[in-house]
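1. how would this look folded up:
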Amino acid sequence: MFTKTRAFSGFSVNDIAAARTFYADQLGLDVSEEHGMLSLNIAGGIPVLVYPKTDHVPAEFTILNFPVSDIDAAVSELTARGITFENYGLEQDATGVHRGEGPPIAWFKDPAGNVLSVIQQ
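-> Here you go, the predicted model:
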């Protein structure tokens, strides 16, 4: 039934204007707005929908991962753009990068409290 459909993902925020500023200005993504919702126009051609929700509750898990080739450079650039990395009590270095099992990864939050990551491929 869905073999030819272009599925897409979405998540909620409590403030569309703050989300637009964060995703466009701080992260540097191509962001468009229509009908009071945002589309994060990421590589691959399938946008991620960001929609307002008055009683928004942030997800307690990573909702969006950004693959990078050099996590140290990505973390450094994002830190310079005002991003603060989360520490979840794992083996993370001083910059917030977890280098244990799996690929190196660092987590941060959007203004609505949703968890995002940069992950080295």
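2. how about the helices in this protein?
-> Along the chain, the segments classed as helices by DSSP state H run 16-20, 71-80.
3. rebuild those as JSON lines, extending it with mean pLDDT and distance to Asn65.
-> Backbone N, C-alpha and C define where each C-beta goes, glycine included. As requested, these are arranged in JSON lines below (pLDDT from 0 to 100; distance: least, Cβ to Cβ, whole Å):
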{"stretch": "helix 16-20", "mean pLDDT": "98", "distance to Asn65": "18"}
{"stretch": "helix 71-80", "mean pLDDT": "97", "distance to Asn65": "12"}
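4. as JSON lines, those helices with distance to Met37 and mean neighbour count would be great.
-> Listed next are the helices of the chain as JSON lines, based on distance: least, Cβ to Cβ, whole Å; neighbours: other Cβ atoms under 10 Å:
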{"stretch": "helix 16-20", "distance to Met37": "7", "mean neighbour count": "17"}
{"stretch": "helix 71-80", "distance to Met37": "25", "mean neighbour count": "16"}
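5. Gly44 is nearest to which of the ones you listed?
-> When the helices of the chain are ranked by proximity to Gly44, the top entry is helix 71-80, at 18.1 Å, counting by Cβ to Cβ.
6. can you list contacts of the closest one?
-> Contacting residues not belonging to helix 71-80 are listed as 26-27, 66, 68, 85, 95-97, 104-106, 108, 118-120 [Cβ atoms under 8 Å, 6 or more residues apart in numbering].
7. mind doing that once more with 7 Å?
-> Helix 71-80 is contacted from outside by Val68, Phe85, Thr95, Gly96, Val97, Pro104, Ala106, Phe108, Val118, Gln120, using Cβ atoms under 7 Å, 6 or more residues apart in numbering.
8. from these, which land in strands?
-> Of the positions in the contacts of helix 71-80, Val68, Ala106, Phe108, Val118, Gln120 sit in strands, assigned by DSSP state E.
9. contacting residues around the first one?
-> For Val68, the contact set (Cβ under 7 Å, 6+ apart) comprises Ala74, Val118, Gln120.
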